[in-house]
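[1] Turn this into a model:
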Amino acid sequence: MAAADSPSAALRRRDLCSRGIRLAGKMRSDVVDLLDTYVERQGLDASASVAAVEGVPAAAVERWDEQTGTQRLLENLAAYRAFRVLLSQMLEEHREQLGEADAALGRAMASVLLQVSAFAYHLEELLRLESRGPPSEEGAPPPPAPHLGLFERKLRGLGVLRELAQWAVRSARDLRQLTKPSPGSSSVPSRAESP
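    Prediction:
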């Protein structure tokens, strides 16, 4: 654990967190744009009520301020791994449904999917720095896409994108929290200790 407490590890962690905050901000912006396009192209009402999406942990959490940095990273990683699967399913359904008829929406989904994958990798790097490798993705295969009607798939997609936008906000907050020194921890120097 000494390596995680070294000044160079603290600087690396701070750098990874800063880059992660920027990635989360960019991802949120792109997801909001995608959400607007998705609603328009799918003929949905932006205010439509959507049930929680199975397989995605909710971004809202009780006692957020009591979570450890590792808990935050593990929850974020689990969420983005789930989003990677869900977005892949959405992209496949979109291609089956419309083919190349709406290539712009497909490209936007693919772009967000790439950002989600990159962010998951970024979280894995942070977990490695914490001297705790990321949990394996091996084991149970991803759940198959549920057999839903066209309208239900559209609503499910809307729910996935809405929750992803919320996760991007939470991720930025979690990473900002990780850059703060925790009580009794010397892993990240405070401003008073910095040169």
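
[2] where does the chain dip in pLDDT?
    Across the chain, the ranges flagged by pLDDT under 70 are 1-5, 98-101, 132-133, 137-146, 182-195.

[3] Would you check how far apart the closest residue to Ala104 other than its chain neighbours and Glu93 are?
    Leaving aside its chain neighbours, Ala104 sits nearest to Thr37 (7.4 Å; criterion: C-beta to C-beta, 6 or more residues apart in numbering). Every residue, glycine included, has its C-beta placed from N, CA and C. Separation of Thr37 from Glu93 (C-beta to C-beta, to the nearest Å): 16 Å.

[4] Show me where the chain has its strands.
    For the chain, strands defined by DSSP state E do not occur.

[5] contacting residues around the spatially most central residue of the chain?
    Most central in the chain under C-alpha atoms, centre = their mean is Tyr80, positioned 4.0 Å from the mean C-alpha point. Residues counted as contacts of Tyr80 (C-beta atoms under 8 Å, 6 or more residues apart in numbering) are Val116, Phe119, Ala120, Leu123, Trp167.

[6] Closest to Arg19 out of those?
    Closest approach between the contacts of Tyr80 and Arg19, by C-beta to C-beta: Phe119, at 10.3 Å.

[7] Would you agree that closest one is in contact with Arg22?
    No - Phe119 is beyond contact range of Arg22, at 10.8 Å (criterion: C-beta atoms under 8 Å).

[8] of the two, who's got more company?
    Neighbour count, other C-beta atoms under 10 Å: between Phe119 and Arg22, Phe119 has more, with 24 against 12.

[9] got the buried residues for stretch 81-95?
    Residues 81-91, 93-94 are the ones in stretch 81-95 that count as buried (16 or more other C-beta atoms under 10 Å).

[10] If we ignore the residues flanking it in sequence, what's nearest Leu123?
    For Leu123, ignoring the flanking residues on the chain, the nearest one in space by C-beta to C-beta, 6+ apart is Leu77 at 4.5 Å.
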